[in-house]
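1. Give me coordinates for this.
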Amino acid sequence: MNVVQTLDEGVWQEFVDNHPQSQIFHTPEMFRVFARAKGHQPTLWATVGDDERVLALLLPVQVALLNGLFRRFTARAVVYGSVLCAPGAVGQEALAVLLRAYGRRVEGSPLFTELRNLSDMTGIQPILQDNNFVYDDHLNFLIDLQLPVEKIWGNMHSNVRTNVRKARRMGVTVEEVASLDKIPVVYTVLAKVYEHIRVPLAHPSLFEAAFEVLYPRRMIKIFVARAEDVYIGAAIRLIYKDVIYAWYAGAIRDYASYKANDLLVWHVLEWGAEDGFSYFDFGGAGKPDEDYGPRKFKAKFHGTLVNYGRNTCVHAPTRLEMSKRAYDVFRRFL
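-> Prediction:
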């Protein structure tokens, strides 16, 4: 077994397409999106056999809030969709080899590496934890789109149905973004949402790259909600195989009475069910023991609550603690 940091794209694509737990974040297309986004630095790590067949895959994306001298205090590696390995003992051995090599070479930078599990990783948890990837509970909602549309509508909390009807009565409409020149509109909405919740938003280049790379391949849908000629909400959804993934979304607080968030989610669920998708991945619902507002909102849509968790390996504990304290101060000024 050999650990490599480049792959033939065809070999890479074949491994991902044929793996039962693969997500859009494992694809070469998503790698290209991150590679073109400011503040994002994707890297590829893979274990291959003597026949050059991929046996394990790890795709950390280093994300930094600041560059220059402050990068080492803000850079973290996020593995969206977590790791992949071939089935059976050979695949698990390949994963262990891969994680050991990664741990040796990445030590000290970034601050930590986080695996965001989007499927059940129970079978490989011993390997992850043996390689210092500590498990924490993390929830998510999955909504079954194979049900009839009427059933999905009826399953939702009555408050959601009321809000959708209210949004429509108030003249809120949902439009699909079909050109790059509309991305600044989407970004303006999201920037206001993130400013309110005091969380840094990714650079506009991430969303521009996502549209340019993914839209021609039908791997993304972007919707905006409009009321009184003002764009008040936006939702970016990623598409791979038969799954729709929530990515970025939100509605401007000043227009909360228009209920754009409820309408945008319902619009996606209705479209997904009618187009034959299997389920909608709601993109996370926080830790079980925390009072997490988005979880309360997402729960209203009657999805299946799952706990696939996250695994984190800390590479620089002292710098990480300093970074956490600095971030708390930083948020006060957002």
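
2. ok, and the closest non-adjacent residue to Arg217?
-> Computed as C-beta to C-beta, 6 or more residues apart in numbering, the closest residue to Arg217 that is not its neighbour in sequence is Glu29, at 6.2 Å. All C-beta atoms are positioned from the backbone trio N, CA, C, and that covers glycine.

3. give me the element that neighbour is part of.
-> Applying DSSP states H and E as the criterion places Glu29 in helix 28-35.

4. wait, doesn't the residue nearest to Arg217 sit right on Tyr215?
-> No: if you go by C-beta atoms under 8 Å, Glu29 and Tyr215 don't touch, sitting 10.6 Å apart.

5. Between the two, which is the more surrounded one?
-> Glu29 (19 against 16; other C-beta atoms under 10 Å).

6. Contact partners for that one?
-> Contacts of Glu29 were listed using C-beta atoms under 8 Å, 6 or more residues apart in numbering, and they are 213-214, 217, 219.

7. if we can go back for a sec, quick check: neighbours of the next helix or strand after the helix holding Glu29 in the sheet, parallel or antiparallel?
-> Scanning forward in sequence from helix 28-35 by DSSP H and E, the next helix or strand is strand 40-42. When pairing is defined by DSSP bridges, strand 40-42 lines up against strand 61-63 (antiparallel).

8. Can you get me a residue count around Trp266?
-> 21.

9. Hmm, I typed the wrong one, I wanted Arg168.
-> Neighbours of Arg168 using other C-beta under 10 Å come to 13.

10. how about the contacts of Glu29 in CSV, adding neighbour count and pLDDT?
-> Formatted as CSV, the contacts of Glu29 follow (neighbours: other C-beta atoms under 10 Å; pLDDT from 0 to 100):
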residue, neighbour count, pLDDT
Val213, 21, 98
Leu214, 23, 98
Arg217, 11, 98
Met219, 19, 98
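
11. so how far is Thr6 from the nearest residue to His40 once chain neighbours are set aside?
-> Excluding its sequence neighbours, the residue lying closest to His40 (C-beta to C-beta, 6+ apart) is Phe34, at 4.5 Å. Phe34 is 16 Å from Thr6, where distance means C-beta to C-beta, to the nearest Å.

12. same check, this time on Trp266
-> 43 Å.

13. and the residue located most distally from the centre of the chain, backbone torsions?
-> For the chain, the largest distance from the centre (C-alpha atoms, centre = their mean) belongs to Asp50, which lies 33.1 Å off. For Asp50, the backbone dihedrals (degrees, to the nearest 10) come out as phi -60, psi -30.

14. and if you look at Phe112?
-> phi -160, psi 160.

15. okay, now it: neighbour count?
-> Phe112, neighbours per other C-beta under 10 Å, totals 19.

16. Now for the nearest residue to it once chain neighbours are set aside: which residues touch it?
-> What sits nearest to Phe112 in space, not counting adjacent residues and going by C-beta to C-beta, 6+ apart, is Val314, at 4.6 Å. Counting by C-beta under 8 Å, 6+ apart, Val314 makes contact with 111-112, 132, 134, 320.

17. what about Val314, distance to Ile239?
-> 33 Å.

18. now swap in Glu290 and tell me
-> Relative to Ile239, and taking C-beta to C-beta, Glu290 is found at 30 Å.

19. which one of these two has more residues nearby?
-> Each of Glu290 and Ile239 has its neighbours counted (other C-beta under 10 Å); Ile239 has more, 18 against 9.

20. Confirm that the more buried one sits in a strand.
-> Yes: assignment of Ile239 by DSSP: H, G, I helix; E, B strand; the rest coil places it within a strand.

21. is it true that it touches Ile222?
-> No: look at Ile239 against Ile222 with C-beta under 8 Å: they stay out of range, at 11.1 Å.

22. Could you check which helix or strand contains Thr6?
-> Following DSSP H and E, there is no helix or strand that holds Thr6.

23. where does the protein have low pLDDT?
-> The chain contains residues with pLDDT under 70 at 65-74, 107-108, 317-318, 320-334.
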